[in-house]
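Asker: got a predicted structure here, sequence first:
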Amino acid sequence: MISNVSHTARELIERLRQSTTGIDVEYRLANGNVSRRIYLDSTASTLQLGVVREVMDKYLPYYANTHTTVHFNAQLSTRELEWARRMCLDFVNADPGEYGCFFVGSGTTGGINRIARTMCRKRPDRDVVITSIMEHHSNDLPHRKHFSKVVHIPVMATEKGMGSVDMQAMESVLAQYGERVNYVSVTGVSNVTGIVNPIYEIAELAHRHGALVLVDAAQMAAHVPLQMSGHENPARNLDMVAMSGHKIYTPASPGVVITRRELFSDVEPDEVGGGMVDDVYTEHYLSTENFPDREEAGTPNIAGAIALATVLYTLKKIGMEEISKEESDVVAYAVNRLRAIEDVVVYGHSDPGTCMRTGAVSINVRDMHHSLTAAILNDYFNIAVRNACFCAHPYVREMISDDLGEQMDGLSNEELEALADLHRGMVRASFGIYNTRQDVDQLAHAMSEIAGNKEFYRSRYRRDDCDNYFHSDFSFDSTRVFSVQNEVDRWLSG
Ligand SMILES: Cc1ncc(COP(=O)(O)O)c(C=O)c1O
């Protein structure tokens, strides 16, 4: 299947790929070869797009703090920061009359914590949050900390594997808790399987029951178009979205919350300090009514926000629909190629016709520890992946037991323990705009080599108490490749 992407979009995507910072990094491997590193860890953090580098080099001479317009740099930076906010709204199709956005320090996690803290004070009678079993801990623990009850909706179990959030279960939990539900918070895209959730149907359902909807867009924003408002049926509009700049090709950029403004008015701002007050007396202070100023105590990450908006504008100009088609084609190709390899397990619903996936694919080689597979992919094939449970422990555990199923019947405790030891995690290959089918081919080649030569690879590694695998006669000294301190010393010595 070759995706139906316009010629111009494909050319621009190729330009982005070629100018990605670090796309050509090379490393020497355990077999002595030197090759180009294939980056398949974008779900954790994406690489930086070249356009950010170029634009930020040009902007930084004019950088200044924004809370004044008295000097030229401050005027320019204030205008660009305002532009950055508009780009965030524009990127997720949020009506600027109704929605606003603010930047937060630590990615989506910072945003969701802020939302949880604020919503429990804004709607104190509603003490229940509904989320799902497939969530990242960042879209689970903040709700647990601030609400009396969090209900985890299961995912659909189908013949083709576990799919997206179970809407019937969602409906019955909404009916059960009724007016106690403050909001429903689901991920747009799973960080484990890349499965896309039906967020607009979820919004419709939640709104019918008087609940708000928060979408964790950490894995969705860079990969699938988002439409917060303007749906023909307004019940499908989203109330709040949180996302991370470092997962949208902009390292060192902030998290973003995009929300209906009214939700953050008439409630004391969660963080206080400079920039969010109209006046301060020794006895009391007056928080500003201005949104987003009231939500941004202190100086926001101005340069990071502008860098992020540079990317959002670029992606939007190319067309998120086009980008999404191109990427889901690569992921569908990966699922199909990996599923065809003997002894390789691909987790989650794997029929692209009935369950859309984007961004990530999690796998294992049967009878091989996930840490060992990930180490071999790195050391012998120069493929950077991540392994373990990806901060989504309940979901990963559920999928692994679903896969093992009957294999566990009749095993002794010792055998079960050995099986559990091997299967306490997965290997995740995740994709960005710069990945191609050729990268998938290399991954598939590596996985079949590993699956076909388990004993050879096992004999090359030793395991420590923390389940890390180390090659017996190869190691990587990262300081020989790069060290900030060495670079500074070089600079200091002229
Ligand atoms: C689905 C999902 N939600 C939330 C987060 C947390 O994002 P951050 O670390 O940027 O706060 C992640 C990170 O991987 C994620 O994948």
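Answerer: Structure's in. What do you need? Numbering: from 1, shown residues only.

Asker: so where does residue 130 fall, helix or strand?
Answerer: strand 128-132 (DSSP states H and E).

Asker: near the ligand at all, that strand?
Answerer: No - Strand 128-132 does not reach the ligand (CB under 6 Å from any ligand atom); its nearest approach is 10.9 Å. Quick note: C-beta positions are derived from backbone N, CA and C, even for glycine.

Asker: that strand pairs with which strands, parallel or anti?
Answerer: strand 149-153 (parallel), strand 181-187 (parallel) (DSSP bridges).

Asker: export those to CSV and tack on distance to the ligand?
Answerer: Output for those, formatted as CSV (distance: least, CB to the nearest ligand atom, whole Å):
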stretch, distance to the ligand
strand 149-153, 15
strand 181-187, 5
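
Asker: and of these, who's closest to residue 68?
Answerer: Set against residue 68 and scored by CB to CB, the strands paired with strand 128-132 come closest in strand 181-187, at 36.8 Å.

Asker: using PDB, write out every CA atom in the closest one.
Answerer: Output of strand 181-187 as PDB, limited to C-alpha atoms (Å, rounded to 0.1, in the frame of the first residue of the first chain):
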ATOM      1  CA  VAL A 181     -18.000  12.700  36.700                       C
ATOM      2  CA  ASN A 182     -15.800  15.800  36.400                       C
ATOM      3  CA  TYR A 183     -14.100  14.900  33.100                       C
ATOM      4  CA  VAL A 184     -13.200  12.000  30.800                       C
ATOM      5  CA  SER A 185      -9.500  12.000  30.000                       C
ATOM      6  CA  VAL A 186      -8.100   9.700  27.200                       C
ATOM      7  CA  THR A 187      -5.100   9.500  25.100                       C
END
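
Asker: of the strands paired with strand 128-132, which stretch is the most buried?
Answerer: Mean neighbour count, computed with mean count of other CB atoms under 10 Å, is highest for strand 181-187 among the strands paired with strand 128-132, reaching a mean of 27.

Asker: got the contact list for it?
Answerer: Contact with strand 181-187 is made by 112, 119-120, 123, 126-132, 134-136, 139, 143, 147, 165, 170, 174, 197, 199, 202, 205-206, 209-216, 218-220, 239-240, as judged by CB atoms under 8 Å, 6 or more residues apart in numbering.

Asker: quick one: contacts of the helix or strand where residue 78 lies?
Answerer: Using DSSP H and E, residue 78 sits within helix 72-91. For helix 72-91, the external contacting residues (CB under 8 Å, 6+ apart) are 59, 62-69, 95-96, 99-101, 221, 226, 256, 258, 292, 300, 302, 305-306, 308-309, 312-313, 315-316, 320.

Asker: for the ligand, what is the nearest residue in the stretch 301-450 of the chain?
Answerer: residue 391 (6.3 Å; CB to the nearest ligand atom).

Asker: residues in contact with the residue nearest to that residue when sequence neighbours are not counted?
Answerer: Excluding the flanking residues, the one nearest residue 391 by CB to CB, 6 or more residues apart in numbering is residue 137, at 4.5 Å. Counting by CB under 8 Å, 6+ apart, residue 137 touches 391-393.

Asker: which residues of the chain lie near the ligand?
Answerer: Counting by CB under 6 Å from any ligand atom, the chain sits next to the ligand at 106-109, 136, 138-139, 187, 191, 216, 218-219, 244.
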